[in-house]
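Asker: take a look and give me a structure for this.
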Amino acid sequence: MRILILFGLFLSLFGCSQKSITAEKEDGCPVTLNHSVRLLNGKQEINLCEEYLGKVVLIVNTASKCAFTDQYDGLEKLYAKYKEQGLVVLGFPSNEFGNQEPGDEKQVQEFCRLTYGVQFPMFAKSRVKKANPDPLYKTLGELTGTYPKWNFYKYLLDRDGNIAGSYSSFTKPTDSSLEKKIKSLLKQTSKPTSD
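Answerer: Below is the predicted model:
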């Protein structure tokens, strides 16, 4: 029993949660995806619901000058391995932790593409901390009770936009438990909307 309590404390400190959370729907769209966000270094806005509902979605706040920056490599490999089966990785650069994403969006884009060959969708620099988050991160933080505590925090959504888990920066994209969860979600089909 004591070990379970200590394990629970560890998970809460580092923001890991395997708890599934059903997302409410607004106009047939789960609140987790009911956001429009601008592509990195561009003007085009993407409606997350229209673009990604029906896919397994891994949302990650990123940074170019962080001890976890090499996770870009694992994220790209995960995306390449499973994108044909319905996985999408969404990157949201943020400069809110340790000033580790100081460059402008063009610099961020060039760094990601040239250094790690990133092909998964990247979006405008974002605010992710609880004090003043962008709408997407406010939704994710409120639903899970956990906002990113550092760069490369991960939220995993199932095909219906429900939260299937959240993972701390210490959970690498190559972590076997994360990949196992993704594979399990990819095997599931979306439930028809009742709206």
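
Asker: center of this structure, which residue is that?
Answerer: residue 59 (1.2 Å; C-alpha atoms, centre = their mean).

Asker: so that residue sits against residue 157, correct?
Answerer: Yes. With contact defined as C-beta atoms under 8 Å, residue 59 counts as touching residue 157 (7.1 Å). All C-beta spots, glycine's among them, are computed from the backbone N, C-alpha and C.

Asker: beta-bridge partners for the residue lying closest to residue 37 once chain neighbours are set aside, please?
Answerer: Spatial nearest neighbour of residue 37, excluding adjacent residues (C-beta to C-beta, 6 or more residues apart in numbering): residue 123 at 4.7 Å. Legend: beta-bridge partners of residue 123 under DSSP bridges are residue 39.

Asker: circling back to that earlier point, would you say the residue nearest to the centre of the chain is within a helix?
Answerer: No. When classified by DSSP: H, G, I helix; E, B strand; the rest coil, residue 59 is found to be strand rather than part of a helix.

Asker: any idea how far it is from residue 107?
Answerer: 22 Å (C-beta to C-beta, to the nearest Å).

Asker: for residue 142, same thing?
Answerer: 31 Å.

Asker: cool, residue 146 as well?
Answerer: In terms of C-beta to C-beta, residue 146 sits 29 Å off from residue 107.

Asker: neighbour-wise, which of the two wins?
Answerer: residue 146 (20 against 13; other C-beta atoms under 10 Å).

Asker: is that one in contact with residue 166, as I believe?
Answerer: Yes. Using C-beta under 8 Å, residue 146 is in contact with residue 166, at 5.8 Å.

Asker: least confident secondary structure element in this structure?
Answerer: helix 2-14 (a mean of 41; mean pLDDT, DSSP states H and E).

Asker: what about the helices in the chain?
Answerer: Per DSSP state H, the chain carries helices over the ranges 2-14, 48-52, 71-82, 105-116, 135-144, 176-187.

Asker: just put the ones you listed in CSV and tack on distance to residue 42.
Answerer: Formatted as CSV, these follow (distance: least, C-beta to C-beta, whole Å):
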stretch, distance to residue 42
helix 2-14, 34
helix 48-52, 14
helix 71-82, 19
helix 105-116, 8
helix 135-144, 17
helix 176-187, 28
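
Asker: out of those, which is closest to residue 170?
Answerer: helix 2-14 (6.0 Å; C-beta to C-beta).
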